[in-house]
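Chemist: got a structure for you, letters missing:
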């Protein structure tokens, strides 16, 4: 019998480093264009450069970092085209997941989804809202029982969160999510195609606002707000 392969210690360290840096990038703590310095990261985590380089490669694979010749590894920037791509991918994959999840959705699950929607309506900042929004979407799609599909959707939600934090990290305003309620109402009423249609439109709506940069100028920021 073949022996199971054990992860090398540096693999575990690289995973920890990449997860931590990814979270900082998504939450806007590391701005687009910011340099990721091997020495600084290695010192912070008490690691050698080997797992740090692997962590950087993982961030590049996720589209969160880029290796710029003569400028080093930097936090990746994004624009409207990137936001639109993620929105279209989310619409396609979440509709697929919901279609397969519908036969397994229970009243208890829909009650939880309604509670998540209410939590989003009451959110006092963008982080609270994003967590509630992500919980709603996962509740109605995860019963599809398709782990690879859900892994892809989770990755797209991480990208959506990054766009959202970039645009609305400051100046968040409470909002009522009528689309979430429409989806729940359609699911309770067994109007499956209506629920799928509302979900598709919901995750493709892109918001825009002007944000101030570190230099004092302003730029347009775009974000998926569904």
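Modeler: Perfect, I can see it now. For clarity, every value in this text was computed on a predicted model and none was experimentally measured.
Chemist: when you work out contacts or count neighbours from here on, use the C-alpha atoms and nothing else.
Modeler: OK.
Chemist: how close does the residue most central in space within the chain get to residue 100?
Modeler: Centroid-nearest residue in the chain: residue 158, 1.6 Å away (criterion: C-alpha atoms, centre = their mean). Using C-alpha to C-alpha, to the nearest Å, residue 158 is found at 22 Å from residue 100.
Chemist: for the protein, which segments count as strands?
Modeler: 65-68, 72-75, 206-212, 218-224 (DSSP state E).
Chemist: save those strands as CSV, and put in mean pLDDT too.
Modeler: Listed next are the strands of the chain as CSV, based on pLDDT from 0 to 100:
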stretch, mean pLDDT
strand 65-68, 91
strand 72-75, 93
strand 206-212, 72
strand 218-224, 75
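Chemist: out of those, which is closest to residue 142?
Modeler: With C-alpha to C-alpha as the criterion, residue 142 lies closest to strand 218-224 of those, at 20.3 Å.
Chemist: so for that closest one, what gets flagged as buried?
Modeler: 221, 222, 223, 224 (16 or more other C-alpha atoms under 10 Å).
Chemist: so what's the last one up against?
Modeler: By that I understand residue 224. Taking C-alpha atoms under 8 Å, 6 or more residues apart in numbering, we find residue 224 in contact with 83, 87, 160, 163, 164, 203, 204, 205, 206, 207.
Chemist: would you reformat these as a markdown table and include neighbour count and distance to residue 120?
Modeler: Putting these into a markdown table (neighbours: other C-alpha atoms under 10 Å; distance: C-alpha to C-alpha, whole Å) gives the following:
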| residue | neighbour count | distance to residue 120 |
| --- | --- | --- |
| 83 | 22 | 22 |
| 87 | 26 | 20 |
| 160 | 25 | 16 |
| 163 | 26 | 18 |
| 164 | 26 | 14 |
| 203 | 23 | 15 |
| 204 | 22 | 18 |
| 205 | 14 | 17 |
| 206 | 16 | 18 |
| 207 | 14 | 17 |
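Chemist: ok, so of those, who is nearest residue 73?
Modeler: residue 163 (20.2 Å).
Chemist: check contacts around the nearest residue to the closest one once chain neighbours are set aside.
Modeler: Closest residue to residue 163 apart from its sequence neighbours, by C-alpha to C-alpha, 6 or more residues apart in numbering: residue 223 at 4.8 Å. Neighbour list for residue 223: 83, 160, 163, 164, 166, 167, 206, 207, 208 [criterion: C-alpha under 8 Å, 6+ apart].
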